[in-house]
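J.: Need coordinates for the following:
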Amino acid sequence: MSDSPDYVPPKVWTWDKGSGGQFASINRPIAGPTHDKDLPVGRHPFQLYSLATPNGQKVTILFEELLAAGHSGAEYDAWPIRIGDGDQFGSGFVDANPNSKIPALVDRSGPAPVRVFESGAILVHLAEKFRAFLPEAGPARAETLSWLFWQMGSAPFLGGGFGHFFVYAPLKIEYAINRYSMEAKRLFDVLDRRLGESEYVAGGDYTIADMACWPWFGGLALGRSYTRADEFLDLASYTNVQRWAKAIDARPAVKRGRIVNRLSGDPSEQLHERHDASDFETRTQDKLAARS
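T.: From the prediction side, this is the model:
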C-alpha cells in the first residue's frame, strides 16, 4: 500500500480555512448562525427545510407515503436549503436545527410550533403522530427502531467515510479508501443477510426502517450515489439488497419523495420546492423550462 506524505499532528489543532477542499466554504469548527435570515412558511401543517440528499429523502419519502396511505393531515411544504450557499447557517435555520444540518422540520399542526431535527427523529415523530409505518409496541417496534438506528450509525461510514474519500477528498488516500470500503461492504453484508430472512428490513412490513435505509443503501446499490461506487464495491453481488432496492424504487410515493428539493441532475427529477401534490406534474424543472 502506498502511503501519503508523513503528517505529524501539531500539539494543538488550528483551523486552516483552505484545507477543506471543495467544502472549505461551508465547513467550520464552530456552531451558530453566520447571518440573519428567516425561514419561509407555507400554508400546510408541516414545514420541511431540506435537500434531496439521502438524509433529506428519508423524510420526503415518508411524507409521500403517508399521503398515499390516506393521511391527508400530512400535507407539507418543502423548502430547499442550499448548503453550498450556506443557507444552513442562517439564523432561522439554526433556530430549527442548532446543528446546521438538513433536514429540519417545524411541526405547526398543534397549538405551538415544534421543531424536530435529525432525520431519524423526524421519521419517528411523524410515524407516531400518524400511527403509521412504525409498530406501536412489542418486538416489531423494537426491531424497527433497532434497524432505524443501525442506519443512523452507518451513514457516517458510507457518506463521510467511503463517499468522501472515494469521490470528494482532494487526495486519493489508499489507506482511507480501503478502510471505508471494507466497512461499507461489511454494512452491505449485514443488510443483505437480513434481507435474506425477510422482505423488508424490520420484518414482513414496510416501515420507516426501510425509508431510512433505502436512500443510502438503495442509492448506492442502484448506482445513483457516487460515480462508479457500485462497480468498485461489487454491489451487484448483494442480491437480497438489489431485490429490496428495486422493489422500493418502484413505489410511486418513493418516486415522488426522492425528487423533492433536488437541485441537480435530470431536470424531470428536480422539484425544487413542494407545496402541493400537483407540483410533481407541473413544477419539475423540465416543465418550468418548457413554459419559459
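J.: does the closest residue to residue 213 other than its chain neighbours sit in a helix or strand, and which one?
T.: Spatial nearest neighbour of residue 213, excluding adjacent residues (C-beta to C-beta, 6 or more residues apart in numbering): residue 151 at 4.8 Å. Where C-beta positions appear, they are placed from N, C-alpha and C, glycine not excepted. Using DSSP states H and E, residue 151 maps to helix 138-156.
J.: likewise residue 37?
T.: Here residue 37 is assigned to no helix or strand, by DSSP H and E.
J.: residue contacts, the one residue sitting closest to the centre of the chain?
T.: Closest to where the C-alpha atoms of the chain average out (C-alpha atoms, centre = their mean) is residue 55, at 1.4 Å. Shown in contact with residue 55 (C-beta atoms under 8 Å, 6 or more residues apart in numbering): 101, 102, 103, 119, 155, 215.
J.: Now stretch 125-137: buried residues?
T.: For stretch 125-137, the neighbour count (16 or more other C-beta atoms under 10 Å) marks 125, 126, 127, 129, 130, 132, 133, 134, 135 as buried.
J.: Make JSON lines out of these and add secondary structure, pLDDT and distance to residue 250.
T.: Formatted as JSON lines, the buried residues of stretch 125-137 follow (DSSP: H, G, I helix; E, B strand; the rest coil; pLDDT from 0 to 100; distance: C-beta to C-beta, whole Å):
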{"residue": "125", "secondary structure": "helix", "pLDDT": "98", "distance to residue 250": "27"}
{"residue": "126", "secondary structure": "helix", "pLDDT": "98", "distance to residue 250": "23"}
{"residue": "127", "secondary structure": "helix", "pLDDT": "98", "distance to residue 250": "22"}
{"residue": "129", "secondary structure": "helix", "pLDDT": "98", "distance to residue 250": "27"}
{"residue": "130", "secondary structure": "helix", "pLDDT": "98", "distance to residue 250": "23"}
{"residue": "132", "secondary structure": "coil", "pLDDT": "98", "distance to residue 250": "20"}
{"residue": "133", "secondary structure": "coil", "pLDDT": "98", "distance to residue 250": "18"}
{"residue": "134", "secondary structure": "coil", "pLDDT": "98", "distance to residue 250": "22"}
{"residue": "135", "secondary structure": "coil", "pLDDT": "98", "distance to residue 250": "24"}
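J.: Considering those residues, which is situated nearest to residue 233?
T.: residue 133 (28.8 Å; C-beta to C-beta).
J.: who's in contact with the residue nearest to residue 213?
T.: Contacts of residue 151 by C-beta under 8 Å, 6+ apart are 120, 209, 212, 213, 216, 217.
J.: okay, now the second one: neighbour count?
T.: Under the neighbour criterion other C-beta atoms under 10 Å, residue 209 is assigned a count of 26.
J.: likewise the third one?
T.: The local packing count at residue 212 equals 30, with neighbours defined by other C-beta under 10 Å.
J.: Just give the nearest non-adjacent residue to it, would you?
T.: In space, residue 212 is closest to residue 151, 4.5 Å off (C-beta to C-beta, 6+ apart).
J.: pLDDT at that neighbour, what is it?
T.: Listed pLDDT for residue 151 reads 98.
J.: what's the answer for the one 5 residues further on, then?
T.: The model reports residue 156 with a pLDDT of 94.
J.: mind listing which of the contacts of residue 151 are in helices?
T.: 120, 209, 212, 213 (DSSP state H).
J.: where does the second one sit relative to residue 124, distance-wise?
T.: What it means is residue 209. 11 Å (C-beta to C-beta, to the nearest Å).
J.: which neighbours do the two share?
T.: In contact with both residue 209 and residue 124: 145, 148, using C-beta under 8 Å, 6+ apart.
J.: ok, how many other residues are close to residue 79?
T.: 22.
J.: Surely it and residue 49 touch.
T.: Yes - here residue 79 reaches residue 49: they are 5.1 Å apart, a contact under C-beta atoms under 8 Å.
J.: Mutual contacts of the two, please.
T.: Contacts common to residue 79 and residue 49, judged by C-beta under 8 Å, 6+ apart, are residue 39.
J.: Now the longest helix anywhere in the chain: buried residues?
T.: The helix that spans the most residues within the chain, counting by DSSP H, is helix 174-195. By 16+ other C-beta under 10 Å, the buried positions in helix 174-195 come out as 176-177, 180-181, 183-185, 187-188, 191-192, 194-195.
J.: possible to save these as CSV with pLDDT and distance to residue 89?
T.: Below are the buried residues of helix 174-195 laid out as CSV (pLDDT from 0 to 100; distance: C-beta to C-beta, whole Å):
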residue, pLDDT, distance to residue 89
176, 97, 28
177, 98, 30
180, 98, 27
181, 98, 32
183, 98, 30
184, 98, 30
185, 98, 35
187, 98, 31
188, 98, 34
191, 98, 34
192, 98, 39
194, 98, 38
195, 98, 39
